[in-house]
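Novice: Following is a predicted model, sequence given first.
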Amino acid sequence: MEKNEKMSFGEWLENLWYHYKWLIIFGGVFVVFLAISIGQMASTKNPDVNFLHVGPMYISSGAADRIEDTMSQFTGDVNGDGKVKVDLLDITVNKLGDESNAVNYDDRNKALQRFQTEIRAGDAVIYLLDKEYFDICIEEGLLTPLKEVLDDADIPENNVDGYGVYVSELDAFKLSGLSSVPDTAILCLRRNPDKDPIKYGRTMEVWNGNRDAFVKLIKFESKEEESK
């Protein structure tokens, strides 16, 4: 009986490919996908400050980038990852005109559903809201009274119901990018986790960092104002 000849390495590879070709292909694709996912997670920065804008006016991605860059000067490394990052989420909710317009009606409903999802499970702590959504948040007890985070002298005279202020009233919103925020948007702060009726997953540490940025925005004065 003849002994089987020992296969060379090349022959062994050829035999392996012949029998397990598809398994190797699928395994390779999975490894590449896993490597890309791990790389993306490693390069993703966790935001230190989270903004939510809700209203009928769309904030472009370019304007959002400028807003995020400008807002980075109002915060520090809240989450301790060695980097400073600000995130702005924009939800455009068109004002409803003729309800017979099914496309408009459907788009509005989808945006409203997203708004409801964000206030219940989202990351944002600082809000920029059109009056309609500002009122909803007040009714649900989600906003921090200005008097809880500001001294009396720092509370804007033209505040909105004691919970917010129109961005057009603030000196800070003359800065790059921030001027893209609609004049009708109201700047307000989410309730801290201990007082919020909805347990939305924010920690006091994160809330405190966002509160500090919110207070700096309210109190900011341009050099023009300071020189007067």
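Specialist: The structure has been received and is ready for your questions. Numbers count the residues shown, from 1 in each chain.

Novice: Quick one: residues contacting residue 164.
Specialist: Residues near residue 164 by Cβ atoms under 8 Å, 6 or more residues apart in numbering: 127, 129, 134, 143, 146, 186-188. C-beta coordinates here come from the backbone N, C-alpha and C atoms, glycine included.

Novice: what's the burial count for the closest residue to it other than its chain neighbours?
Specialist: Spatial nearest neighbour of residue 164, excluding adjacent residues (Cβ to Cβ, 6 or more residues apart in numbering): residue 188 at 3.4 Å. Residues near residue 188, counting by other Cβ atoms under 10 Å, number 24.

Novice: sec struct for residue 188, please.
Specialist: Secondary structure state of residue 188, per DSSP: H, G, I helix; E, B strand; the rest coil, is strand.

Novice: right, and the pair among the contacts of residue 164 with maximum separation?
Specialist: Using Cβ to Cβ, the contacts of residue 164 span at most 14.5 Å, a distance reached by 129 and 146.

Novice: Just to be sure, residue 88 is in a strand?
Specialist: Yes. Using three-state DSSP, the assignment for residue 88 is a strand.

Novice: Quick check: it vs residue 145, distance?
Specialist: 24 Å (Cβ to Cβ, to the nearest Å).

Novice: of these two, who's got more company?
Specialist: Just comparing residue 88 and residue 145: by other Cβ under 10 Å the higher neighbour count belongs to residue 88, 24 against 16.

Novice: if we can go back for a sec, looking at residue 129 and residue 146 now, which is surrounded by more residues?
Specialist: Shown here are residue 129 and residue 146; by other Cβ under 10 Å, residue 129 has more neighbours (26 against 23).

Novice: Verify the stated contact: residue 159 with residue 146.
Specialist: Yes. With contacts counted by Cβ atoms under 8 Å, residue 159 reaches residue 146, the gap being 5.9 Å.
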